[in-house]
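*Asks:* Quick one: sequence and predicted model below, then my questions.
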Amino acid sequence: MPSQHWQPATRQVVGVTESNAIAFDNAFVDNATKSVNDPSFTNSKLFNDFAVYGFVEGAVLFDGTKVSGSGVGNEASWTYTGTQYWIAGANYNFHAVAPMTAGGWTKTAADATSTTLSFVNNGTTDLLYDTKAQQGKVSGNEKVAFSFRHVLSKVKFSFENAYNATNATIKVKNIKITNPHKTATVDLTAATAWDNQTADDLVLEFGMATDDEATAGEKENAEVAYAFGKTYESQNERFLIPSASPLTTYAYNVKFDVVLLVSGQEIDTYEHTVTANFAPQPGNSYDIKAVINATNIDPEHAQEPIEFTVNTLPDWGTANNVDAQ
């Protein structure tokens, strides 16, 4: 990608001192969302490294250099090997991809200016990107401060218990998407970034419908039952490769089990296979909601309410008189 330029300026090489070395700071992530178990990187849960591609007046300065550290703002401490320095008046462009280690991505071209990656999704590893432009100064050069953004989509499920039978509760467990895209390519600077999505053997596991108050043992054994009127969300959120465009809708195969309990005793388990149709977009988190009631808890037929009627009431019979003794 060609570098972006300010108006021409007089350039000079400043003194080679550590204080004027190019440094990276304030690596943080926006658009965080709350869930029971959220795999996203957030300000409080950061990655440990990221890769930098940097250019000065179009010349390659950083070519996938590893920047390691932690923290945001005043707590940030990020370092790299092979110090580079600011040139006064020179125009710099930086691209950063996180995480670098076990991030599931590789560059598709050897050209250092390329911003296109191949990505293999596992559903649990976030992918982040940011770009910065900065001009070198004689002194007082600020650290390159990245504000990373999520370039994947994220999804979770919510289930409302609308099964209004007295003493009945439900469990929802084994929630999964069985046909997500596993591989794709992304041009990090393009308006329509994602392309070449392919499905493979990836299955995204979301666990059970639960909440923050459930114990670890309940979650481990899928023992979280909830009453009429309650809405619980999937134990896990998972990442999706985004759609090729806002108009490209995918049909995701969703499977889950609904267990019906009466007075705490498991009566039956219903296996559901449904389709969720939507076009996931980069940086967006999706909550797919379902309402479980008597008409759909059993995917084969609606349940009928138990009713009572009275067919007949016999007349009183006439008995012989009985004398009292």
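*Replies:* Great, that's in hand. Numbers count the residues shown, from 1 in each chain.
*Asks:* beta partners for Glu233?
*Replies:* Applying DSSP bridges to Glu233 yields these beta-bridge partners: Ser158, Thr210.
*Asks:* where are the low-confidence patches of the stretch 101-250 of the chain?
*Replies:* Using pLDDT under 70 as the threshold, the predicted model of the stretch 101-250 of the chain has low-confidence ranges 191-192.
*Asks:* OK, contacts around Tyr270?
*Replies:* Applying Cβ atoms under 8 Å, 6 or more residues apart in numbering, one finds that Tyr270 lies in contact with Asp257, Val258, Val259, Leu260, Ile297, Asp298, Pro299. Where you see a C-beta, it was placed from the backbone N, CA and C, and this is true even at glycine.
*Asks:* Got a quick PyMOL command for the buried subset of those residues?
*Replies:* Per 16 or more other Cβ atoms under 10 Å, the buried members of those correspond to this PyMOL selection:
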select buried, resi 258+259+260+297
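*Asks:* Please flag which of the contacts of Tyr270 sit within strands.
*Replies:* With strands identified by DSSP state E, the entries of these that belong to them are Asp257, Val258, Val259, Leu260.
*Asks:* which of those lies closest to Thr115?
*Replies:* Nearest to Thr115 among the ones in strands among the contacts of Tyr270: Asp257, at 42.6 Å, using Cβ to Cβ.
*Asks:* Find me the pLDDT at Thr83, would you?
*Replies:* We note a pLDDT of 94 for Thr83 in this prediction.
*Asks:* Are we agreed that it is in a strand?
*Replies:* No: residue assignment for Thr83, taken from DSSP: H, G, I helix; E, B strand; the rest coil, gives coil, which places it outside any strand.
*Asks:* In TSV: the ones in strands among the contacts of Tyr270, plus pLDDT and distance to Asp287.
*Replies:* Output for the ones in strands among the contacts of Tyr270, formatted as TSV (pLDDT from 0 to 100; distance: Cβ to Cβ, whole Å):
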residue	pLDDT	distance to Asp287
Asp257	96	20
Val258	96	18
Val259	97	22
Leu260	97	24
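*Asks:* Can you tell me the element the spatially most central residue of the chain falls in?
*Replies:* When the chain is reduced to its mean C-alpha position, the nearest residue by Cα atoms, centre = their mean turns out to be Lys154, at 2.7 Å. Assigned by DSSP states H and E, Lys154 falls within strand 153-161.
*Asks:* Now do that strand: distance to the chain's middle.
*Replies:* How far strand 153-161 lies from its chain's middle: 11 Å, per Cα atoms, centre = their mean, to the nearest Å.
*Asks:* which ones are touching Pro280?
*Replies:* Ser153, Val155, Leu240, Ile241, Pro242, Ser243, Tyr250, Tyr286.
*Asks:* ok, now how distant is the last one from Ile177?
*Replies:* Read that as Tyr286. When distances are taken as Cβ to Cβ, to the nearest Å, Tyr286 and Ile177 turn out to be 11 Å apart.
*Asks:* Can you work out which residues contact both of the two?
*Replies:* Joint contacts of Tyr286 and Ile177 (Cβ under 8 Å, 6+ apart) are Val155.
*Asks:* higher neighbour count, the two?
*Replies:* With other Cβ atoms under 10 Å as the criterion, Tyr286 and Ile177 differ in neighbour count, and Ile177 comes out ahead with 21 against 17.
*Asks:* Let me see the contact set for the nearest residue to that one once chain neighbours are set aside.
*Replies:* Closest residue to Ile177 in three dimensions, ignoring its sequence neighbours and counting by Cβ to Cβ, 6 or more residues apart in numbering: Leu204, at 4.4 Å. Contact partners of Leu204, counting by Cβ under 8 Å, 6+ apart, are Gly123, Lys176, Ile177, Pro180, Arg238, Leu240.
*Asks:* The nearest residue to Val60 once chain neighbours are set aside - how many residues pack around it?
*Replies:* With Cβ to Cβ, 6+ apart as the measure, Ala112 is the residue that lies nearest to Val60, at 4.4 Å, once sequence neighbours are left out. Around Ala112 there are 17 other residues, counting by other Cβ under 10 Å.
*Asks:* Does Ala112 lie in a helix or a strand, and which?
*Replies:* Element membership of Ala112 [criterion: DSSP H and E] is none; it lies in no helix or strand.
*Asks:* measure it to Ala51 for me?
*Replies:* When Cβ to Cβ is applied, the distance between Ala112 and Ala51 equals 12 Å.
*Asks:* Now list whatever residues contact both of these two.
*Replies:* Gly64.
*Asks:* in the stretch 101-250 of the chain, which spans are strands?
*Replies:* 105-107, 116-120, 128-135, 144-150, 153-161, 168-177, 181-187, 194-199, 204-207, 209-210, 231-234, 238-240, 250-262 (DSSP state E, counting those that start in this stretch).
*Asks:* Name the residues that touch the second one?
*Replies:* It stands for strand 116-120. Strand 116-120 is contacted from outside by 97, 104-109, 127, 182-188, 241, using Cβ under 8 Å, 6+ apart.
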